[in-house]
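*Asks:* only geometry, no sequence info:
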């Protein structure tokens, strides 16, 4: 049995989970999320606790068991608390600013980079070198953060680029280290 799949999910106050046909719908104070229900997986909601179980031990069902539990737990956390990732810009002249709904990045290229986030994602520029990506969908927050980071990933020689807050970049010695 899946270790992740066996863990119960406790529902915070104000969060409602329902199964409508082949969809799992989670509603909370921050919004509503839904995902597809896999065949062979059962969801039992009893007294503020969700238990995910599987009908059989086929390979595909076993693989889906922990996945569905993790997706539902992320949806419950998202609609109640939300998710956020913080990015920091390291480098001389690197800065970010918001122009309406567009994020404008100056990253040492000959032109500024404009990025428009999807509707469900909120981007906040705390200061010119710190960007916060917020939203209720964990996958969307991670994807938008990865796209922004991809415009100038951190490089190992000088450490310049866009990095996640707290990310450690392993530095290389360069030419001086060859002696």
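*Replies:* Received the coordinates, thanks. It should be emphasised that the depicted structure is a prediction, and the values quoted were computed from it without experimental measurement.

*Asks:* Tell me where the chain has strands.
*Replies:* With strands called from DSSP state E, the chain shows them at 9-10, 16-20, 23-27, 32-36, 41-46, 49-54, 83-90, 95-99, 102-106, 113-116, 121-127, 130-135, 161-164.

*Asks:* show me what contacts residue 122?
*Replies:* Neighbour list for residue 122: 133, 134, 135 [criterion: Cβ atoms under 8 Å, 6 or more residues apart in numbering]. From N, CA and C alone the C-beta is placed, and that goes for glycine too.

*Asks:* and the first one, what are its bridge partners?
*Replies:* Here residue 133 sits in beta bridges with residue 85, residue 123, going by DSSP bridges.

*Asks:* tell me which residues of the helix or strand bottoming out on mean pLDDT in the chain are tucked away?
*Replies:* Least confident helix or strand, the chain: helix 3-6 with a mean of 84, by mean pLDDT, DSSP states H and E. For helix 3-6, the neighbour count (16 or more other Cβ atoms under 10 Å) marks residue 5 as buried.

*Asks:* mind checking the longest helix of the chain?
*Replies:* The residue-count maximum for a helix in the chain (DSSP state H) belongs to helix 59-80.

*Asks:* in the sheet, who's paired with residue 46?
*Replies:* Legend: beta-bridge partners of residue 46 under DSSP bridges are residue 49.

*Asks:* From residue 10, how far off is it?
*Replies:* To residue 10, residue 46 is 11 Å away according to Cβ to Cβ, to the nearest Å.

*Asks:* what's the overlap in contacts for the two?
*Replies:* By Cβ under 8 Å, 6+ apart, no residue touches both residue 46 and residue 10.

*Asks:* If you count surrounding residues, which of those two has more?
*Replies:* Higher neighbour count among residue 46 and residue 10: residue 10, with 12 against 8, using other Cβ atoms under 10 Å.

*Asks:* In this structure that one contacts residue 47, no?
*Replies:* No. At 9.9 Å, residue 10 and residue 47 do not qualify as touching, with contact defined as Cβ atoms under 8 Å.
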